[in-house]
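Enquirer: please work out how this folds:
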Amino acid sequence: MERFVVTAPPARNRSKTALYVTPLDRVTEFGGELHEDGGKLFCTSCNVVLNHVRKSAISDHLKSKTHTRRKAEFEEQNVRKKQRPLTASLQCNSTAQTEKVSVIQDFVKMCLEANIPLEKADHPAVRAFLSRHVKNGGSIPKSDQLRRAYLPDGYENENQLLNSQDC
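Expert: Down below sits the predicted model:
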(Lines give C-alpha, C1' and ligand atoms only; values in the text may rest on other atoms or scores of the structure.)
Protein backbone atom coordinates (compact mmCIF):
# COMPACT_ATOMS: atom_id res chain seq x y z
CA MET A 1 0.00 0.00 0.00
CA GLU A 2 2.90 2.31 0.48
CA ARG A 3 3.56 2.32 -3.23
CA PHE A 4 0.31 4.16 -3.87
CA VAL A 5 0.92 7.04 -1.47
CA VAL A 6 0.97 10.25 -3.45
CA THR A 7 3.31 12.92 -2.16
CA ALA A 8 3.10 16.53 -3.13
CA PRO A 9 6.01 17.99 -5.06
CA PRO A 10 8.41 20.01 -2.91
CA ALA A 11 7.08 23.49 -2.39
CA ARG A 12 9.12 26.42 -3.56
CA ASN A 13 9.90 28.67 -0.65
CA ARG A 14 11.29 31.29 -2.95
CA SER A 15 10.14 34.77 -2.13
CA LYS A 16 9.20 37.17 -4.88
CA THR A 17 10.80 40.13 -3.15
CA ALA A 18 14.03 41.69 -4.26
CA LEU A 19 16.34 41.35 -1.30
CA TYR A 20 19.13 43.72 -2.22
CA VAL A 21 17.24 46.65 -3.76
CA THR A 22 17.57 50.05 -2.10
CA PRO A 23 15.21 53.00 -2.44
CA LEU A 24 17.89 54.80 -4.47
CA ASP A 25 17.88 51.93 -6.97
CA ARG A 26 14.14 52.37 -7.44
CA VAL A 27 14.55 56.14 -7.86
CA THR A 28 17.02 55.63 -10.70
CA GLU A 29 14.78 52.94 -12.20
CA PHE A 30 11.52 54.93 -12.15
CA GLY A 31 12.89 58.41 -12.79
CA GLY A 32 11.71 61.71 -11.38
CA GLU A 33 8.37 60.55 -10.03
CA LEU A 34 9.99 59.10 -6.89
CA HIS A 35 12.50 60.36 -4.38
CA GLU A 36 14.37 58.84 -1.45
CA ASP A 37 14.79 60.38 1.98
CA GLY A 38 15.94 58.70 5.16
CA GLY A 39 16.00 55.23 3.62
CA LYS A 40 12.35 55.44 2.53
CA LEU A 41 10.92 55.70 -0.96
CA PHE A 42 8.39 58.50 -1.53
CA CYS A 43 6.12 59.31 -4.45
CA THR A 44 6.91 62.95 -5.21
CA SER A 45 3.48 64.01 -6.38
CA CYS A 46 1.42 62.01 -3.86
CA ASN A 47 3.70 62.39 -0.82
CA VAL A 48 3.18 58.78 0.23
CA VAL A 49 5.71 56.16 1.29
CA LEU A 50 6.05 53.25 -1.11
CA ASN A 51 7.39 49.75 -0.55
CA HIS A 52 10.70 49.79 -2.42
CA VAL A 53 11.18 46.02 -2.19
CA ARG A 54 8.31 45.07 -4.49
CA LYS A 55 8.49 46.56 -7.95
CA SER A 56 4.87 45.65 -8.61
CA ALA A 57 3.69 47.79 -5.69
CA ILE A 58 5.48 50.80 -7.17
CA SER A 59 4.20 50.22 -10.71
CA ASP A 60 0.65 49.63 -9.41
CA HIS A 61 0.81 52.91 -7.53
CA LEU A 62 2.11 54.77 -10.58
CA LYS A 63 -0.78 53.35 -12.68
CA SER A 64 -3.47 54.12 -10.09
CA LYS A 65 -6.15 56.75 -10.63
CA THR A 66 -5.28 58.60 -7.45
CA HIS A 67 -1.66 58.94 -8.55
CA THR A 68 -2.59 60.28 -11.98
CA ARG A 69 -5.04 62.77 -10.40
CA ARG A 70 -2.48 63.92 -7.82
CA LYS A 71 0.23 64.12 -10.45
CA ALA A 72 -1.96 66.43 -12.55
CA GLU A 73 -2.67 68.61 -9.48
CA PHE A 74 1.03 68.60 -8.64
CA GLU A 75 2.03 69.75 -12.11
CA GLU A 76 -0.57 72.54 -11.98
CA GLN A 77 0.87 73.87 -8.73
CA ASN A 78 4.47 73.73 -10.00
CA VAL A 79 5.59 73.50 -6.39
CA ARG A 80 7.82 70.69 -5.28
CA LYS A 81 6.85 69.72 -1.77
CA LYS A 82 8.68 66.71 -0.42
CA GLN A 83 7.59 64.92 2.69
CA ARG A 84 10.35 64.58 5.26
CA PRO A 85 10.67 61.58 7.53
CA LEU A 86 10.11 62.14 11.23
CA THR A 87 13.73 61.47 12.13
CA ALA A 88 14.94 64.21 9.80
CA SER A 89 12.42 66.64 11.27
CA LEU A 90 13.48 65.85 14.81
CA GLN A 91 17.17 66.23 14.02
CA CYS A 92 16.64 69.69 12.57
CA ASN A 93 17.71 72.34 15.08
CA SER A 94 16.02 75.62 14.45
CA THR A 95 17.29 78.91 15.81
CA ALA A 96 14.50 78.89 18.40
CA GLN A 97 15.61 75.49 19.70
CA THR A 98 19.27 76.51 19.96
CA GLU A 99 18.27 79.80 21.58
CA LYS A 100 16.12 77.93 24.11
CA VAL A 101 19.04 75.68 25.09
CA SER A 102 21.28 78.73 25.37
CA VAL A 103 18.82 80.51 27.70
CA ILE A 104 18.50 77.44 29.91
CA GLN A 105 22.28 76.93 30.12
CA ASP A 106 22.79 80.61 30.97
CA PHE A 107 20.10 80.39 33.66
CA VAL A 108 21.74 77.33 35.25
CA LYS A 109 25.16 79.01 35.09
CA MET A 110 23.75 82.16 36.74
CA CYS A 111 22.16 80.11 39.52
CA LEU A 112 25.39 78.21 40.16
CA GLU A 113 27.57 81.32 40.24
CA ALA A 114 25.17 83.20 42.55
CA ASN A 115 24.70 80.17 44.86
CA ILE A 116 20.96 80.12 44.14
CA PRO A 117 19.46 76.64 44.57
CA LEU A 118 17.85 75.32 41.41
CA GLU A 119 14.66 74.60 43.41
CA LYS A 120 14.03 78.35 43.48
CA ALA A 121 13.22 78.13 39.76
CA ASP A 122 10.05 76.20 40.73
CA HIS A 123 8.63 79.11 42.79
CA PRO A 124 5.56 80.63 41.09
CA ALA A 125 6.88 84.20 41.43
CA VAL A 126 10.16 83.24 39.72
CA ARG A 127 8.27 81.43 36.96
CA ALA A 128 6.00 84.45 36.39
CA PHE A 129 9.01 86.81 36.28
CA LEU A 130 10.92 84.60 33.81
CA SER A 131 7.98 84.17 31.44
CA ARG A 132 7.08 87.89 31.57
CA HIS A 133 10.51 89.55 31.34
CA VAL A 134 12.94 87.05 29.80
CA LYS A 135 12.75 86.07 26.13
CA ASN A 136 12.18 82.27 26.09
CA GLY A 137 12.02 82.42 29.89
CA GLY A 138 8.86 80.34 29.94
CA SER A 139 10.77 77.48 28.37
CA ILE A 140 13.02 76.98 31.41
CA PRO A 141 12.14 73.55 32.82
CA LYS A 142 11.54 72.58 36.45
CA SER A 143 14.46 72.08 38.83
CA ASP A 144 14.62 68.28 38.54
CA GLN A 145 15.07 68.45 34.77
CA LEU A 146 17.59 71.29 35.15
CA ARG A 147 19.57 69.07 37.50
CA ARG A 148 19.38 65.99 35.27
CA ALA A 149 19.87 67.52 31.83
CA TYR A 150 21.71 70.83 32.14
CA LEU A 151 23.75 70.70 35.36
CA PRO A 152 26.17 68.02 34.06
CA ASP A 153 26.87 70.17 30.97
CA GLY A 154 27.63 73.18 33.14
CA TYR A 155 29.85 71.06 35.37
CA GLU A 156 31.82 69.73 32.40
CA ASN A 157 32.22 73.23 30.91
CA GLU A 158 33.50 74.65 34.21
CA ASN A 159 35.83 71.69 34.65
CA GLN A 160 37.34 72.23 31.21
CA LEU A 161 37.70 75.96 31.94
CA LEU A 162 39.53 75.25 35.19
CA ASN A 163 41.79 72.69 33.53
CA SER A 164 42.69 75.11 30.76
CA GLN A 165 43.53 77.82 33.33
CA ASP A 166 45.86 75.46 35.24
CA CYS A 167 48.07 74.86 32.18
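
Enquirer: going by C-alpha atoms from here, please, whenever you check contacts or count neighbours.
Expert: Will do.

Enquirer: how many neighbours does Ala149 have?
Expert: Each residue near Ala149 was counted by other CA atoms under 10 Å, and the total is 13.

Enquirer: excluding its backbone neighbours, what's nearest Lys40?
Expert: Nearest residue to Lys40 in three dimensions, chain neighbours excluded: Pro23, at 6.2 Å (CA to CA, 6 or more residues apart in numbering).

Enquirer: contacts only, for the one you found.
Expert: For Pro23, the contact set (CA atoms under 8 Å, 6 or more residues apart in numbering) comprises 36, 39-41, 52.

Enquirer: Three-state assignment for Asn115, please.
Expert: Here Asn115 is recorded as coil under DSSP: H, G, I helix; E, B strand; the rest coil.

Enquirer: now do the phi/psi pair for it.
Expert: When quoted as degrees, to the nearest 10, the phi and psi of Asn115 stand at phi 60, psi 40.

Enquirer: and the residue nearest to Lys40, what pLDDT?
Expert: pLDDT for Pro23: 86.

Enquirer: what's the spacing between it and Asp60?
Expert: 16 Å (CA to CA, to the nearest Å).

Enquirer: how does this structure divide into domains?
Expert: Listed by the TED database, the domain ranges of the chain are 23-81, 95-150.

Enquirer: now the longest one, how far from the chain's geometric center?
Expert: When distances are taken as CA atoms, centre = their mean, to the nearest Å, domain 23-81 is centred 21 Å away from the chain's centroid.

Enquirer: ok, now the last one?
Expert: With CA atoms, centre = their mean as the basis, the distance from the averaged C-alpha position of domain 95-150 to the chain average is 26 Å.

Enquirer: so how far is Tyr150 from Gly138?
Expert: Separation of Gly138 from Tyr150 (CA to CA): 16 Å.

Enquirer: leaving out the residues flanking it, which one is nearest to Val49?
Expert: Leaving out its chain neighbours, the residue that sits closest to Val49 by CA to CA, 6+ apart is Phe42, at 4.5 Å.

Enquirer: which helix or strand contains the one you found?
Expert: Per DSSP states H and E: Phe42 is located in strand 40-43.

Enquirer: which ones are touching Arg132?
Expert: Shown in contact with Arg132 (CA under 8 Å, 6+ apart): Gly138.

Enquirer: that older thread, okay, the contacts of Pro23 in a markdown table with neighbour count and pLDDT next?
Expert: Shown next, in a markdown table, are the contacts of Pro23 (neighbours: other CA atoms under 10 Å; pLDDT from 0 to 100):
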| residue | neighbour count | pLDDT |
| --- | --- | --- |
| Glu36 | 20 | 86 |
| Gly39 | 11 | 84 |
| Lys40 | 16 | 86 |
| Leu41 | 24 | 87 |
| His52 | 23 | 83 |
